[in-house]
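Novice: Could you look at this predicted model? Sequence included:
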Amino acid sequence: MPGVTETARADHPTATAATGIADATGTPADPPVAAARTYSPGLEGVIAGESSIAYVDGAAGRLLYRGYPIGELVEHGTYAQVAELLWTGAWPAHAHLPCAHLPSDVAAVLRLIPPSTHPMDALRTGISAWGAGRGMNWPPTLEQARALTAIAPSILAAFARFRQGLEHVEADPQLDLAAGFLYQLRGERPDPAAARALDAYFIVGAEHGFNASTFTALVITSTKSDLTSGVCGAIGALKGPLHGGAPSEVVDQLSQIGTPEHAEAWLRDAVARGERLMGFGHRVYKAYDPRAAALRKVAEGLSGMADWLALAVEVEDVALRVLAELKPDHILKTNVEYYAAAVLQGVGLPPDLFPATFALARHAGWTAHCIEYAATSRLIRPDVIYTGPEERHLPAPAPVARPKARGPKASGAKASGPKAPIAASPRASGARGPKVRRPKAS
Ligand code: ACO
């Protein structure tokens, strides 16, 4: 497949793998292996591990969590059950996962964050503050995973209220995560249909194999760092618009398009300018994303969304046609973010909370993978093709003119003449001077 894998550029004179040049730490590189190795930009198509958590069948548009199809889980399960399934591998008949109490030290940190902070940054900061106070040591455990997943909605809801000058609402232990999040955001128990729709969104967002944010968490776990650090890194990776930042951009896209008649021209112009149509395309799915199909059904059941959905469906048809025509070499279908935007709007969340809400859902998958990976615990450390200059040497130092010996200066007169070289410290020259502490190399 073009662009998927290329034979490593072993002919590059300075490629580490081809030459065995030592790296910056002086460690000799692997011995030359010539053309046997492949290079895949963006790690596309590279198998980087084994997992029994989810199966993403990109060609057929199937997603299974521990063997169960996503559509069935959305229809018959709850996020609490799905999270337990991801963590333990067993389907629990019942499960309850309430939001956790927000400790005062974490609330204090959230109050210090400027109200204009991106909610993903606030969530990452809050999780980091929470982990700092709780010492989550390696290896990651089921209890740590549950605790992190349960605190995240309380952190995000608290920040969303603090930035409006409102007080935090204490978590309700009777409510499950999605309902509890809406309750802590608004201070009133949510409408059951909205709570159920958000729970369905959480199920769909819970897990997706070795995506960019999960892989980030695994890289961190592989160094035997703590689970909180893994989750903080994952939130950072999810923040980007190519990953979890897309649904709010879907809303912008549709509001700019405005009416179905404008769709064709708007979408063609955007693709001609080299822009991405938000909510379309996926690294793995080359068929309709099954999560998009599940969320479209959920959105259709929400009141107040009919007009927005009607526009979304018409724009989707045009976008798929335009993409097929203008990008004939690529299969670009609707992805999960397109209808995620509908559900999140339908439950009344402001668009700037969409990516962070996605992060809340993905906590189950991130932490499940970290627990699974910790059992094998192989440090993730890929190689790189070095494209810099050949080994070379610094120019010979310019000769330094020695200062001429002088007699005693008149007091108040300024010293003149060439400066002594930096390396020639008072100690080196035998003169007494203050002891200089040198920073330790890290
Ligand atoms: N709109 C227009 N063109 C697209 C789109 C899109 N949404 N997606 C891919 N393409 C085009 C690219 O321009 C490129 O064309 P070219 O070869 O003519 O330059 C070609 O398809 C291949 O693109 P890549 O970037 O190689 O595809 P990749 O697999 O890396 O991209 C991604 C996947 C990042 C999701 C991409 O499809 C995209 O940017 N989509 C829009 C953002 C989005 O919806 N993100 C959410 C993804 S779902 C999730 O992460 C939960």
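Specialist: Here it is on my side, so go on.

Novice: How far does stretch 133-151 sit from its chain's centre?
Specialist: 18 Å (CA atoms, centre = their mean, to the nearest Å).

Novice: Then stretch 99-117?
Specialist: Distance, centroid of stretch 99-117 to centroid of chain: 21 Å (CA atoms, centre = their mean).

Novice: Mean confidence (pLDDT) on that stretch, please.
Specialist: Mean pLDDT, stretch 99-117: 97.

Novice: Straight-line length of that stretch, end to end?
Specialist: 23 Å (CA to CA, to the nearest Å).

Novice: what's the answer for stretch 180-200, then?
Specialist: 14 Å.

Novice: Buried residues of that stretch, list them for me.
Specialist: Buried residues in stretch 180-200, counting neighbours by 16 or more other CB atoms under 10 Å, are found at 180-185, 190, 194-200. Yep, even glycine has a C-beta here, placed from its N, CA and C like the rest.

Novice: do the same with stretch 316-330
Specialist: Here stretch 316-330 shows Glu316, Val318, Ala319, Leu320, Val322, Leu323 as buried, counting by 16+ other CB under 10 Å.

Novice: Look at the first one and tell me its secondary structure.
Specialist: In this case it means Glu316. With DSSP: H, G, I helix; E, B strand; the rest coil as the basis, Glu316 sits in helix.

Novice: Can you tell me how far the closest residue to it other than its chain neighbours is from Met278?
Specialist: Nearest residue to Glu316 in three dimensions, chain neighbours excluded: Thr334, at 5.8 Å (CB to CB, 6 or more residues apart in numbering). Thr334 sits 11 Å away from Met278, going by CB to CB, to the nearest Å.

Novice: And for Tyr79?
Specialist: Tyr79 sits 25 Å away from Met278, going by CB to CB.

Novice: Which of these two has more residues huddled nearby?
Specialist: Neighbour count, other CB atoms under 10 Å: between Tyr79 and Met278, Tyr79 has more, with 28 against 24.

Novice: My guess is the more buried one contacts Asp176. True?
Specialist: Yes: using CB atoms under 8 Å, Tyr79 makes contact with Asp176 at a distance of 6.7 Å.

Novice: What about Thr117, how many residues nearby?
Specialist: The number of residues near Thr117, taken as other CB under 10 Å, comes to 14.

Novice: Wait, it touches Arg163, no?
Specialist: Yes: counting by CB under 8 Å, Thr117 sits close enough to Arg163 to count as a contact (7.5 Å).

Novice: before we move on, back to that, out of the buried residues of stretch 316-330, which are close to the ligand?
Specialist: Contacts with the ligand are made by Leu323 out of these, judged by CB under 6 Å from any ligand atom.

Novice: export the buried residues of stretch 316-330 to TSV and tack on distance to His208 and pLDDT?
Specialist: Converted to TSV, these look like this (distance: CB to CB, whole Å; pLDDT from 0 to 100):
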residue	distance to His208	pLDDT
Glu316	21	96
Val318	27	97
Ala319	22	97
Leu320	22	97
Val322	26	97
Leu323	22	97
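
Novice: From the buried residues of stretch 316-330, pick the one nearest the ligand.
Specialist: Using CB to the nearest ligand atom, Leu323 comes nearest to the ligand of these, at 6.0 Å.

Novice: Now do the contacts for that closest one.
Specialist: Leu323 is in contact with Val271, Leu277, Phe280, Gly281, His330, Leu332, counting by CB atoms under 8 Å, 6 or more residues apart in numbering.

Novice: Which element is encountered next along the chain beyond the helix or strand bottoming out on mean pLDDT in the chain?
Specialist: When each helix and strand of the chain is scored by mean pLDDT, DSSP states H and E, helix 16-19 comes last, with a mean of 40. As assigned by DSSP states H and E, the chain's next helix or strand after helix 16-19 is strand 38-39.

Novice: quick one: buried residues of whichever helix or strand comes after that next one?
Specialist: The element immediately downstream of strand 38-39 (helix or strand, assigned by DSSP H and E) is strand 54-57. Neighbour-count burial for strand 54-57 flags Ala54, Val56 (criterion: 16+ other CB under 10 Å).

Novice: packing partners for strand 54-57?
Specialist: Counting by 3 or more CB pairs under 8 Å, 6 or more residues apart in numbering; DSSP states H and E, the packing neighbours recorded for strand 54-57 are strand 62-65.

Novice: Check which element follows the strand it packs on along the chain.
Specialist: strand 68-69.

Novice: Counting by contacts, list what that next one packs against.
Specialist: Helices and strands in packing contact with strand 68-69 are not found; criterion 3+ CB pairs under 8 Å, 6+ apart.

Novice: Direction included, what does it pair up with?
Specialist: strand 62-65 (antiparallel) (DSSP bridges).

Novice: now the strand it pairs with, how far from the centre of its chain.
Specialist: 21 Å.

Novice: and if you look at stretch 172-185?
Specialist: Using CA atoms, centre = their mean, the offset of stretch 172-185 from its chain centre is 24 Å.

Novice: quick check: mean pLDDT across that stretch?
Specialist: Here the average pLDDT along stretch 172-185 is 98.

Novice: Give me the residues contacting it.
Specialist: Contacts for stretch 172-185 (CB under 8 Å, 6+ apart): 78-80, 96-99, 149-150, 153-154, 156-158, 160-161, 168-171, 189-190, 194-195, 198-199, 201-202, 347, 349, 357, 360.

Novice: Return the residues in contact with the residue lying closest to Ser303 once chain neighbours are set aside.
Specialist: The shortest distance from Ser303 to any non-neighbouring residue, by CB to CB, 6+ apart, is to Ala193 (7.2 Å). Counting by CB under 8 Å, 6+ apart, Ala193 makes contact with Gly301, Leu302, Ser303.

Novice: Got the phi and psi for Ala193?
Specialist: phi -70, psi -40 (degrees, to the nearest 10).

Novice: so what does the helix or strand that Gly133 is a member of touch, helix or strand wise?
Specialist: Element membership for Gly133, per DSSP H and E: helix 119-134. In terms of contacts (3+ CB pairs under 8 Å, 6+ apart), helix 119-134 is packed against helix 104-112, helix 142-162, helix 227-238, helix 354-376.

Novice: could you give the angle of the helix or strand Asp252 falls within to helix 354-376?
Specialist: Here Asp252 sits within helix 246-257, counting by DSSP H and E. Angle, helix 246-257 to helix 354-376, by axes from the mean of the first three to the mean of the last three CA atoms, to 10 degrees: 150 degrees.

Novice: So what touches helix 246-257?
Specialist: Residues contacting helix 246-257 (CB under 8 Å, 6+ apart): 241, 263, 266-267, 277-279, 308, 311-312, 315, 335, 337-338, 340-341, 344-345, 351-352, 354-355, 358.

Novice: again, only using 6 Å
Specialist: Pro241, Ala263, Trp266, Met278, Gly279, Val315, Glu337, Tyr338, Ala340, Ala341, Pro351, Phe354 (CB atoms under 6 Å, 6 or more residues apart in numbering).
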